[in-house]
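Asks: can't give you the sequence, but here's the structure:
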Ligand SMILES: NC(=O)c1ccc[n+]([C@@H]2O[C@H](COP(=O)([O-])OP(=O)(O)OC[C@H]3O[C@@H](n4cnc5c(N)ncnc54)[C@H](OP(=O)(O)O)[C@@H]3O)[C@@H](O)[C@H]2O)c1
């Protein structure tokens, strides 16, 4: 159970972040549902039963992250769990470029959300966790481990998250840190934007021959955040139906 825990979920207006927020609220946590749009955060929080608070947050702005964390401290007095889920939107044009065609500006854009966003939030949350401990779960992707033939900016940004998790885990014993390396998970951003042939090809990539559901990511995140994983930290947990095996 996550009763009495305060959890921040970035990018929680839809997709995987929304399911994580819902699962944490169902397990008793107080959940901060973040989106770049306050209207979207309110709409999504309104669909979740339990103790949920919508907040506006753009993870690419350092001043906004600092202001957000001050507000968290004033309003909730503590932060127990941080879920770094916000990710640069799936961009077909960028995704299908060969490595040598990718621009520096494109790499910067993805890094600014996925990697530096995770860095900004983690750095701001850690001081609030130092005394009472905490859990930081950051969302990465299997190409960060195995490499891929598409989406180089994304793999580069997501690979840095794995190293960041390990640093946090080793530097702070009372703050447990995990990376979730996801395979094909059917969110609006991925499944709903693909052609039937692309969906079929992606499903065939793993041994279960299917897409994963956001709920299957959310239940792993919730188990990591409670005491079930009390003696494990720094881990990369692959959730991909059996394709990339560590
Ligand atoms: N679905 C998959 O197959 C898959 C596979 C591997 C990894 N992942 C990762 O899982 C996470 C969630 O993916 P998803 O499929 O659920 O995609 P999604 O629906 O596009 O969700 C991404 C979220 O990130 C938020 N976001 C984007 N830019 C932001 C910014 N600058 N500041 C704050 N929030 C920002 C968006 O929220 P707002 O628009 O409301 O601000 C959105 O809710 C991402 O990190 C993604 O890379 C997904």
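Replies: Perfect, I can see it now. As the structure is a prediction and not an experimental result, all values here were calculated from the model.
Asks: which non-adjacent residue is nearest the residue most central in space within the chain?
Replies: Among the residues of the chain, the smallest C-alpha distance to the mean C-alpha position (CA atoms, centre = their mean) belongs to residue 85, namely 2.0 Å. Using CB to CB, 6 or more residues apart in numbering and skipping the chain neighbours, the partner closest in space to residue 85 is residue 17 (4.0 Å). In this view, the C-beta of every residue, glycine as well, is placed from N, C-alpha and C.
Asks: who does the helix or strand that neighbour falls within touch, helix- and strand-wise?
Replies: In the assignment (DSSP states H and E), residue 17 maps to helix 15-26. Identification of packing neighbours for helix 15-26 by 3 or more CB pairs under 8 Å, 6 or more residues apart in numbering; DSSP states H and E yields strand 6-9, strand 30-35, helix 38-45, strand 51-56, strand 81-84, helix 214-225.
Asks: can you redo the ones you listed as JSON lines with mean neighbour count, distance to residue 208 and mean pLDDT?
Replies: Below are these laid out as JSON lines (neighbours: other CB atoms under 10 Å; distance: least, CB to CB, whole Å; pLDDT from 0 to 100):
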{"stretch": "strand 6-9", "mean neighbour count": "29", "distance to residue 208": "26", "mean pLDDT": "98"}
{"stretch": "strand 30-35", "mean neighbour count": "28", "distance to residue 208": "29", "mean pLDDT": "98"}
{"stretch": "helix 38-45", "mean neighbour count": "18", "distance to residue 208": "29", "mean pLDDT": "98"}
{"stretch": "strand 51-56", "mean neighbour count": "19", "distance to residue 208": "32", "mean pLDDT": "98"}
{"stretch": "strand 81-84", "mean neighbour count": "29", "distance to residue 208": "24", "mean pLDDT": "99"}
{"stretch": "helix 214-225", "mean neighbour count": "20", "distance to residue 208": "11", "mean pLDDT": "98"}
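Asks: Nearest to residue 131, out of the ones you listed?
Replies: strand 6-9 (13.8 Å; CB to CB).
Asks: Just checking: what are the partner strands of that closest one?
Replies: strand 30-35 (parallel), strand 81-84 (parallel) (DSSP bridges).
Asks: residues from this protein in reach of the ligand?
Replies: 10-11, 13-17, 35-37, 40, 57-60, 85-87, 89, 113, 117, 139, 141, 182, 184-185, 187-190 (CB under 6 Å from any ligand atom).
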